[in-house]
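1. Predicted coordinates and the sequence they were generated for:
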Amino acid sequence: MASRKLQNEPFFIKDCALIAIATGKQAQNLRELRDDLQTIHPGSIYYHFWGGLLRPRFDDPEYNNDFAAWAAHSLHDKKLAERLSIIDPTEFSSLEDLRQELIEAIEERLDESDFIPWAKRDDRFDFIRSQIIIFDTHRKVLKPQEFVTVLPTVSVGSIFYHFIDACRRSPDAIDDFQHWLDGFDGAYADLCQQISEIDPYFSTLTELRTELANLFREHFREAKK
Amino acid sequence: MKHSLQMYAKIAGQDVVDHLHQLADRLRGLKVVHINSTKVGGGVAEILHKMVPLMVELGIQASWESITGDSKFFQCTKSMHNAIQGERTEIPDSLLRTYEETNARNAEMLAEKVRDADFVFVHDPQPAPLAHHIAGRKGRWIWRCHIDANKPFRPVWKYLRTFVSSYDASIFSLSTFAQSLPHPVYLIPPSIDPLHEKNIELNEDEMRSVCERFAIETQRPVIVQVSRYDRFKDPLGVIQTYKLAKEFVPSLQLVLAGGGASDDPEGKIVLNEVRAAAVDDPDIHILLLPGDDHRTINALQRAADIIVQKSIKEGFGLTVTEAMWKNKPVIGGDTGGIRIQVVNHHTGFLVNSPEGAALRIRYLLYHREKLEEMGRKAKQFVRENFLITRHLREYFTLMLALLHGKEERIELA
């Protein structure tokens, strides 16, 4: 889905699976976190912002990335946690920019602090990265209205690939659904607008699938009237 | 008992099983061999009993082999197991020689079966040196560590590492357990089988009959901890918790259910201490059950209002997963794998003291609607994250990753 779709080109549904890999890097205190962040594989930054969607985690409405959650729960530095949690990865065009933003927030906190916040021995931050395997499902959608019935049946891996991962692949950082609908000469501009308003940062993949399916269903129900 | 994928689809969801088919299609016909040290008893055997047939059903030529050894070999591997879990155990050279010779002998017997395998999963330290002894091995060899290796006794880990380093990859259950190795270290949590006797649905009659057998009154609140009589599981702390909570909930009953103490001298000592602490209180039920009495454990967990797992140290804590699968909130020690399963106010509470545990018991027994809501969330959390279908998916993903290189993104045409 990297290139602009033509109006009559089908939407090929892909699926993906993530596997977590230990990087071997660990931070016991805030300075170590900052130092490791300077050099850590960009995939690790991606994983700690988005990987939670594909691994065991409950929504933490306050601290919705791993760095913020660690600052809150292990360093007990609520101020830093709040500053880290406000960082929205969708606002950054590259992982390098996101990395810099994280480092700046941490350095600012280090400058303010009289001592370096430490985590307990068993509460260290383990940097993890992931490998993503992408594969065809051999399913395709020819017309946008087909998504009304197709979306509820796709796997959460497909939702991750086409909605979350797409923003990393696409030069204009948009999901595959909007990208494809854009190819219909503005016929689905309203639907695209509604999709763009979904905030994936606060939902599980199952909720995202439901939300997307509802948008398509409502759009085509309205269109029938 | 054979369980087809369709039965898992009913529990985990059709999309989950479809996903497995999609991944398995890329691995169809590959030869996969799992090797461990026993086909009977223990968590690894339990997982492989289900994992291997499911792989076969998905079109993979999967098989399972076990190595054999004498009592000196298992004495050595038991010490090794304890040392990886942090016990400062020096293993005599004579036992290490037995360990190596036993593996060399097993390698000769298994060579034909594993030399041309596409993937060989070697589980835990017992068979770890096998890879070293198979000359001209063709496929990828993966060492799967099921043990809590958070703080291994270094001299023993250093010795084991010499064998593990020659593998193509290794797998640890949690990032905190992962050790530095010269190959990719994957993180895959363990899982439970929802169709196993210890997890299947039971009817009311069976549950009632189990409770009657142990004089547990089902009309009164019950808290249950299922675990070995082991200091790390803190059974004395659970009794203290119960006593603190009972001051406010006089009808409360406690069940401590566990097994495996007969051949474990330390276990016997702990069990005696637990019995002494519970003496004179008919509402504390100390049960010593055979290791394979899965249905009784299942019934006790289902009869509980709340499950406690007040461990001081824990690997992953599959008894927590099993309890959550039965719609029970868990009050668990803030340690190890309990932390990724028990999420405060969602699936239970993490606690650091008997006082904390007692407070949470009182809270949940008072707020029944909260107890039930957390139980529902707990089951859903397990459904999405800790069933054998997820475990299998991650094995397949790892196999595909190893087949297609080390890149972060692997696109299969």
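-> Looks like it arrived, so ask away. Residues are numbered from 1 along each chain as shown, chains lettered A, B, ... in the order given.
2. And B:Ile340, its phi and psi?
-> The phi/psi pair for B:Ile340 (degrees, to the nearest 10) reads phi -90, psi -10.
3. same thing with A:Gln193?
-> On the backbone of A:Gln193 - angles per degrees, to the nearest 10 - the values are phi -60, psi -40.
4. That one and A:Pro200: what is the separation?
-> As judged by Cβ to Cβ, to the nearest Å, A:Gln193 and A:Pro200 stand 16 Å apart. (Glycine included, C-beta is placed from N, CA and C.)
5. Show me the shaky parts of the chain.
-> Using chain A here. Filtered on pLDDT under 70, chain A yields the residue ranges A:1-8, A:54-62, A:225.
6. you looked at the wrong chain, it should be chain B
-> Within chain B, the ranges that satisfy pLDDT under 70 run B:1-3, B:260-265, B:413.
7. so where do the strands sit in it?
-> Using DSSP state E, the strands found in chain B span residues B:31-36, B:61-66, B:119-123, B:140-144, B:169-172, B:185-187, B:222-226, B:253-258, B:284-288, B:306-309, B:330-333, B:348-351, B:409-412.
8. could the ones you listed go into JSON lines alongside distance to chain A and mean neighbour count?
-> JSON lines is the format used below for the strands of chain B (distance: least, Cβ to the nearest Cβ, whole Å; neighbours: other Cβ atoms under 10 Å in any protein chain shown):
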{"stretch": "strand B:31-36", "distance to chain A": "16", "mean neighbour count": "22"}
{"stretch": "strand B:61-66", "distance to chain A": "19", "mean neighbour count": "18"}
{"stretch": "strand B:119-123", "distance to chain A": "14", "mean neighbour count": "25"}
{"stretch": "strand B:140-144", "distance to chain A": "12", "mean neighbour count": "24"}
{"stretch": "strand B:169-172", "distance to chain A": "7", "mean neighbour count": "22"}
{"stretch": "strand B:185-187", "distance to chain A": "4", "mean neighbour count": "23"}
{"stretch": "strand B:222-226", "distance to chain A": "21", "mean neighbour count": "26"}
{"stretch": "strand B:253-258", "distance to chain A": "25", "mean neighbour count": "24"}
{"stretch": "strand B:284-288", "distance to chain A": "30", "mean neighbour count": "18"}
{"stretch": "strand B:306-309", "distance to chain A": "17", "mean neighbour count": "28"}
{"stretch": "strand B:330-333", "distance to chain A": "12", "mean neighbour count": "28"}
{"stretch": "strand B:348-351", "distance to chain A": "10", "mean neighbour count": "24"}
{"stretch": "strand B:409-412", "distance to chain A": "4", "mean neighbour count": "16"}
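9. rewinding a little: A:Gln193 and A:Pro200: which has the busier surroundings?
-> For A:Gln193 versus A:Pro200, neighbours defined as other Cβ atoms under 10 Å in any protein chain shown are more numerous around A:Pro200 (20 against 10).
10. Quick check: residues of the stretch 301-413 of chain B near chain A?
-> The stretch 301-413 of chain B has residues B:335, B:340-341, B:343, B:346-347, B:381, B:384-386, B:393-394, B:396-398, B:400-401, B:404, B:406-413 near chain A, with proximity defined as Cβ under 8 Å from any Cβ of the partner chain.
11. what sits against the spatially most central residue of chain A?
-> The centroid of chain A falls nearest to A:Trp50 when counting by Cα atoms, centre = their mean (4.0 Å). A:Trp50 is in contact with A:Pro89, A:Ile164, counting by Cβ atoms under 8 Å, 6 or more residues apart in numbering or on different chains.
12. Then B:Thr335?
-> A:Asp122, B:Ser311, B:Ile312, B:Lys313, B:Glu314.
13. how does it look with 10 Å?
-> A:122, B:148, B:150, B:232, B:309-315, B:317, B:350, B:352 (Cβ atoms under 10 Å, 6 or more residues apart in numbering or on different chains).
14. For chain A, which segments count as helices?
-> A:30-39, A:42-50, A:66-73, A:78-85, A:95-112, A:147-150, A:156-159, A:166-169, A:176-181, A:189-196, A:205-224 (DSSP state H).
15. need the ones you listed in TSV with distance to B:Ala9, can you?
-> TSV is the format used below for the helices of chain A (distance: least, Cβ to Cβ, whole Å):
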stretch	distance to B:Ala9
helix A:30-39	42
helix A:42-50	28
helix A:66-73	32
helix A:78-85	37
helix A:95-112	37
helix A:147-150	19
helix A:156-159	15
helix A:166-169	28
helix A:176-181	27
helix A:189-196	30
helix A:205-224	16
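16. Now for residue 42, how many residues are close by?
-> You didn't pick a chain, so chain A it is. Per other Cβ under 10 Å, the neighbour tally for A:Pro42 reads 14.
17. meant chain B actually
-> Using other Cβ under 10 Å: B:Gly42 sits among 16 other residues.
18. how near is it to chain A?
-> 24 Å (Cβ to the nearest Cβ, to the nearest Å).
19. Then B:Thr98?
-> 32 Å.
20. so that residue touches B:Gly69, yeah?
-> Yes - in this structure, B:Thr98 is within contact of B:Gly69 by Cβ atoms under 10 Å, at 7.8 Å.
21. Next, show the common contact partners of these two.
-> Contact with both B:Thr98 and B:Gly69 is made by residues B:Gln75, B:Cys76, B:Thr77, according to Cβ under 10 Å, 6+ apart.
22. List only those of those residues flagged as buried.
-> Buried residues within the shared contacts of B:Thr98 and B:Gly69, defined by neighbour count using 16 or more other Cβ atoms under 10 Å in any protein chain shown: B:Gln75, B:Cys76, B:Thr77.
23. For chain A, state which of these is nearest.
-> Ranked by distance to chain A (Cβ to the nearest Cβ), those are led by B:Thr77 at 24.5 Å.
24. quick one, what contacts the closest one?
-> Contacts for B:Thr77 (Cβ under 10 Å, 6+ apart) come out as B:37, B:67, B:69, B:91, B:95, B:98-99, B:102, B:124-128.
25. quick one: contacts for the residue nearest to A:Asp123 when sequence neighbours are not counted?
-> Distances taken as Cβ to Cβ, 6 or more residues apart in numbering or on different chains place A:Ser74 nearest to A:Asp123, at 3.9 Å, with adjacent residues excluded. The neighbours of A:Ser74, taking Cβ under 10 Å, 6+ apart as the test, are A:Ala27, A:Gln28, A:Asn29, A:Ala81, A:Pro117, A:Trp118, A:Ala119, A:Lys120, A:Asp122, A:Asp123, A:Arg124, A:Phe125.
26. do the same with B:Glu407
-> Contact partners of B:Glu407, counting by Cβ under 10 Å, 6+ apart, are A:Gly43, A:Gln131, A:Ile132, B:Ala401.
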